[in-house]
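Undergrad: I'd like to go over a predicted model; first the sequence, then the structure.
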Amino acid sequence: MSKRDFSKYNFSVIDVTVAGVPEMSVNLNGITFNGKTLEVLGNPDYVRPLLDEGNKAFAVQVCTARESKAMRFTKNDGANGGGGYSSTCTSIRKSIRHLMDDAWKDNMRYVITGVYFPEAKAVVFDLESAQELPSFRGGGKGKKAE
């Protein structure tokens, strides 16, 4: 096969719309939702942040700008590499970290896979399933949060 003739290859197209799962990461400075989270929610302009203390879960639910506690939720520019959304909202970050108390280390980052509930137009993140990531300042390999 001549590697200089494109027609000799048998390429298949990679479907980028199915790749990935909704994810949220939490660190000391903010919260980031990946592009898949925005995609499954239909790229909404606004969401409501929800907290279930009993189940140790956090969710974002699509809403309108007029609804109580609506939070702007539009794609960031390409700066974060995936068209996701980053927020430095102190009250959300502190609420999540306070809920997880001793289960999370203050100086570590965590990533949580979300589950999409189409009937509720929401993505739910089980905070107890968070995976610990190495801190930005270095550190060991990530491990499951205890």
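TA: Yes, it's here.
Undergrad: immediately after the biggest strand by length in the chain, which helix or strand?
TA: Longest strand in the chain, counting residues (DSSP state E): strand 109-117. The helix or strand immediately downstream of strand 109-117 is strand 122-126, counting by DSSP states H and E.
Undergrad: other SSEs contacting that next one?
TA: strand 57-63, strand 109-117 (3 or more C-beta pairs under 8 Å, 6 or more residues apart in numbering; DSSP states H and E). To be clear about C-beta, it is placed using only N, CA and C from the backbone, and glycine gets the same treatment.
Undergrad: Tell me which strands that strand pairs with, and in which orientation.
TA: strand 57-63 (antiparallel), strand 109-117 (antiparallel) (DSSP bridges).
Undergrad: Tabulate those in CSV, adding columns for mean pLDDT.
TA: Listed next are the strands paired with strand 122-126 as CSV, based on pLDDT from 0 to 100:
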stretch, mean pLDDT
strand 57-63, 97
strand 109-117, 96
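Undergrad: Is L133 in contact with I112, as I believe?
TA: No. Between L133 and I112 there is no contact under C-beta atoms under 8 Å: 10.8 Å.
Undergrad: what's the helix or strand for the residue most central in space within the chain?
TA: Nearest to the mean C-alpha position of the chain, by C-alpha atoms, centre = their mean, lies M24 at 2.2 Å. Using DSSP H and E, the element containing M24 is strand 23-26.
Undergrad: What mean pLDDT does that strand get?
TA: On average, the pLDDT along strand 23-26 is 95.
Undergrad: ok, the next helix or strand after it: who's next to it in the sheet?
TA: Using DSSP H and E, the helix or strand that follows strand 23-26 in sequence is strand 31-33. Partners of strand 31-33 in the sheet, by DSSP bridges, are strand 23-26 (antiparallel), strand 85-87 (antiparallel).
Undergrad: which residues of this structure score low on pLDDT?
TA: 1-2, 15-19, 76-83, 135-146 (pLDDT under 70).
Undergrad: what's the single longest helix in it?
TA: The single longest helix within the chain, with elements called by DSSP state H, is helix 90-100.
Undergrad: List of residues touching it?
TA: The contact list for helix 90-100 (C-beta atoms under 8 Å, 6 or more residues apart in numbering) reads 26, 29-31, 49, 51, 53, 56, 58, 87, 104, 106, 127, 130, 145.
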